[in-house]
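In: model this:
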Amino acid sequence: MLFNSLIFLVFLPVVFSVYWCLPAKHRNLFLLIASYYFYFSYNPWFLLLLIGTSAFDFYLAKAISKTEKEAKRKALLFISIVSNIGVLVIFKYFIFFYNTSLTLFTDHPSFLTNIIIPAGLSFYTFQSISYTIDIYRRKYKADDTLKDFLLYVSFFPHMVAGPIVRHHTLMPQLKTTHFLKDVEWGPATKLIIWGFFKKMVIADNIAYLVDPVFDNIPKDFNSIEFMCMGILFLIQLYADFSGYSDIATGVAKLFKINLSLNWNRPLLSKSVTEYWQRHHISLTSWFKEYVYISIGGNRVSVPKWAFNILIVFLLSGLWHGANFTFIIWGLLNGIFYLLEHIPIKKYLKIPPFLRWSYMLFFISIFFIAFRANNVTDVLFIYQHIFINVNFCNGFSHLLGLNDRLFFVMLLFLLLILFLKEIQEEYTLLKTSSLSTNILSPIFYISILCLIFCFGDFNANRFIYFQF
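Out: You can find the predicted model right below:
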């Protein structure tokens, strides 16, 4: 079930109405059943996997919390981590490692094809792992009920594509009695409308340009056209994923649940480092706490610190998928992250616009590797951007992908996206009764109209559902 599908427009009002009509003591159980039905709609069999892995971690955490023997605690934590990573390996990485091994050791390999990956596997697996690690670190006791823990893992707004919510931010809210009168209707509605605008109007329209190019790399594209494709995909990915997060956060607010911030206008960053402080925040913070700090963080020698940074970015790339393109993407980001920490940078006075342009150029170049289907395509595009530099014919091939009116419409819609981002970043329009009571409602009503005028209603999947 997708947020942008017709069935969700029926599912959400029904779940909302029943939830608030039920006595408080039964609401979490109902929300758990609704969340499982939401996941069941993707693939019934994978629901059993979700329930099984969640319940297994719950009882392991209970066992960790009850014992004081350090050896036993470590053994139980090891079982939890290995079981969760094992599930990831089986469904996401086995075929990749198997086929890679064949190319190294066999002259006539017989490759395996891809298998179906359970929706949201990487998200709910990481969330479950963080729970057992936190219990092991004695951050809190495992005194939750099985029902509440299963809901913590599977709460339907964030289960499939995040944000990866931590126990201390979500569980207390699940255990608190809420009242319908306290629902924040305004913020919830605005987030949902803006999220649908990002996904259905911005991301899905850009897909009409980006997808054909990356799925069948055109040989006649010049350097500037390939760079434009990288920038367009970067915007598409941001609008698609942050749009999902906005909708998820808005829907959660309807149940008086506040999810953690996952995006903080990363396209306005002025360095690669800053970009990663604003992009997919819940995943970045997860890797920082459970990987980076665990292997020493910055409390080590400079070479070891640099190694730790590269390991984190490499694992982040692999988290996104079993493909060498994601490894390239992760390593490129890691290398530039390290380069930006060379002390000489503090002596350089670079205007903000140039720093923003630098960020936009290199981040979009990196995301070409993220989007490309294989390494051959990545190298071909990079060769045309950096080696066989060619600006002949301008944008003629790019403009040939669609009619001119489409490009005018897209530029207008992108202008709306960035004007809102800039307003939120710099507060150019000061808060007042005029902006709150008149301008804001007019803006969101206009956005709703734009969704119906230019939105793609084909219920396209969100990009991060594949991860």
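In: So if we follow the domain assignment, how does this structure break up?
Out: According to automatic domain parsing, the chain comprises the domains 6-182, 185-466.
In: In terms of mean pLDDT, which of the ones you listed ranks lowest?
Out: Of all the domains of the chain, the minimum mean pLDDT falls on domain 6-182 (a mean of 85).
In: will you turn the domains of the chain into a markdown table that also has mean neighbour count?
Out: Placement of C-beta: from N, CA and C, glycine included. Listed next are the domains of the chain as a markdown table, based on neighbours: other C-beta atoms under 10 Å:
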| stretch | mean neighbour count |
| --- | --- |
| domain 6-182 | 17 |
| domain 185-466 | 17 |
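In: contacting residues around the residue nearest to Val18 when sequence neighbours are not counted?
Out: Nearest residue to Val18 in three dimensions, chain neighbours excluded: Phe30, at 6.3 Å (C-beta to C-beta, 6 or more residues apart in numbering). For Phe30, the contacting residues are 15, 18-19, 22, by C-beta atoms under 8 Å, 6 or more residues apart in numbering.
In: Over to Gln423?
Out: Gln423 makes contact with Leu429, according to C-beta under 8 Å, 6+ apart.
In: And it, how far from Leu268?
Out: 11 Å (C-beta to C-beta, to the nearest Å).
In: And Lys256, by the same measure?
Out: Taking C-beta to C-beta, one finds Lys256 at 31 Å from Leu268.
In: Surely Leu2 and Asn458 touch.
Out: No: using C-beta atoms under 8 Å, Leu2 makes no contact with Asn458, being 10.3 Å away.
In: Take the contacts of Phe30 and keep only those in helices.
Out: 15, 18-19 (DSSP state H).
In: Break down the stretch 51-200 of the chain into its helices, ranges please.
Out: Assigned by DSSP state H, counting those that start in this stretch, the stretch 51-200 of the chain shows helices spanning 70-88, 94-105, 121-136, 146-154, 156-159, 167-174, 185-196.
In: Ok, which of those helices comes nearest Phe336?
Out: helix 121-136 (24.1 Å; C-beta to C-beta).
In: Mind giving me the packing neighbours of that closest one?
Out: Judged by 3 or more C-beta pairs under 8 Å, 6 or more residues apart in numbering; DSSP states H and E, helix 121-136 is in contact with helix 44-66, helix 70-88, helix 146-154, helix 156-159, helix 167-174, helix 281-287.
In: Let me have those helices in a markdown table, adding distance to His320 as columns.
Out: Shown next, in a markdown table, are the helices and strands packed on helix 121-136 (distance: least, C-beta to C-beta, whole Å):
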| stretch | distance to His320 |
| --- | --- |
| helix 44-66 | 19 |
| helix 70-88 | 12 |
| helix 146-154 | 21 |
| helix 156-159 | 18 |
| helix 167-174 | 24 |
| helix 281-287 | 9 |
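In: closest one to Asn393 among these?
Out: Of all these, helix 281-287 comes closest under C-beta to C-beta, at 39.5 Å.
In: Show me what secondary structure element comes after that closest one.
Out: Next along the chain after helix 281-287, taking DSSP states H and E as the criterion, comes helix 302-320.
In: Please list the residues outside that following helix that contact it.
Out: Applying C-beta under 8 Å, 6+ apart, the set of residues contacting helix 302-320 is 93, 122, 283-284, 287-288, 291-292, 295-298, 300, 326-331, 333-335, 337-338, 370, 467.
In: redo that, cut-off 6 Å
Out: 122, 287, 291-292, 295-296, 298, 326-327, 329-330, 333-334, 338, 467 (C-beta atoms under 6 Å, 6 or more residues apart in numbering).
In: Packing partners of the very next helix or strand once past that helix?
Out: Counting by DSSP H and E, the next helix or strand C-terminal to helix 302-320 is helix 324-339. Packing partners of helix 324-339 (3 or more C-beta pairs under 6 Å, 6 or more residues apart in numbering; DSSP states H and E): helix 272-278, helix 302-320, helix 352-371.
In: And helix 324-339, how far out from the chain middle?
Out: 17 Å (C-alpha atoms, centre = their mean, to the nearest Å).
In: circling back to that earlier point, as CSV, the helices and strands packed on helix 324-339 with distance to Cys453 would be great.
Out: Output for those, formatted as CSV (distance: least, C-beta to C-beta, whole Å):
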stretch, distance to Cys453
helix 272-278, 30
helix 302-320, 33
helix 352-371, 28
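In: Leaving out sequence neighbours, find the closest residue to Ile117.
Out: Phe91 (5.2 Å).
In: quick one: Asn373 and Ala203, what's the gap?
Out: Counting by C-beta to C-beta - Asn373 and Ala203 are separated by 19 Å.
In: same deal with Leu9?
Out: 19 Å.
In: same question, Pro23
Out: The separation that Pro23 has from Ala203, given C-beta to C-beta, amounts to 40 Å.
In: on that earlier part again, tell me which of the contacts of Phe30 is nearest to Arg278?
Out: Nearest member of the contacts of Phe30 to Arg278, counting by C-beta to C-beta, is Val15, at 31.7 Å.
In: Next up, the contacts around that closest one.
Out: Ala34.
In: The one 10 residues further on too?
Out: By C-beta under 6 Å, 6+ apart, Lys25 lies in contact with nothing.
In: tell me which element it falls in.
Out: Short version, using DSSP H and E: Lys25 is in helix 24-40.
In: okay, the angle between that helix and helix 121-136?
Out: 140 degrees (axes from the mean of the first three to the mean of the last three C-alpha atoms, to 10 degrees).
In: Please state the offset of helix 24-40 from the chain centre?
Out: What separates the centre of helix 24-40 from the centre of its chain is 24 Å, taken as C-alpha atoms, centre = their mean.
In: got it, and stretch 303-312?
Out: Counting by C-alpha atoms, centre = their mean, stretch 303-312 comes out at 23 Å from the chain centroid.
In: go on, stretch 73-88?
Out: Using C-alpha atoms, centre = their mean, the offset of stretch 73-88 from its chain centre is 24 Å.
In: go on, stretch 167-185?
Out: Distance, centroid of stretch 167-185 to centroid of chain: 24 Å (C-alpha atoms, centre = their mean).
In: One more: stretch 264-274?
Out: The answer for stretch 264-274 is 16 Å, by C-alpha atoms, centre = their mean.
In: For that stretch, list the C-alpha coordinates in PDB.
Out: Output of stretch 264-274 as PDB, limited to C-alpha atoms (Å, rounded to 0.1, in the frame of the first residue of the first chain):
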ATOM      1  CA  ASN A 264      16.800  19.600   6.900                       C
ATOM      2  CA  ARG A 265      16.900  21.300   3.500                       C
ATOM      3  CA  PRO A 266      20.100  19.500   2.300                       C
ATOM      4  CA  LEU A 267      20.000  21.100  -1.100                       C
ATOM      5  CA  LEU A 268      20.900  24.500   0.500                       C
ATOM      6  CA  SER A 269      24.100  23.100   2.000                       C
ATOM      7  CA  LYS A 270      27.400  24.700   1.200                       C
ATOM      8  CA  SER A 271      29.700  21.700   1.500                       C
ATOM      9  CA  VAL A 272      29.600  17.900   1.300                       C
ATOM     10  CA  THR A 273      30.000  17.700   5.100                       C
ATOM     11  CA  GLU A 274      27.000  20.000   5.700                       C
END
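In: No further questions, thank you.
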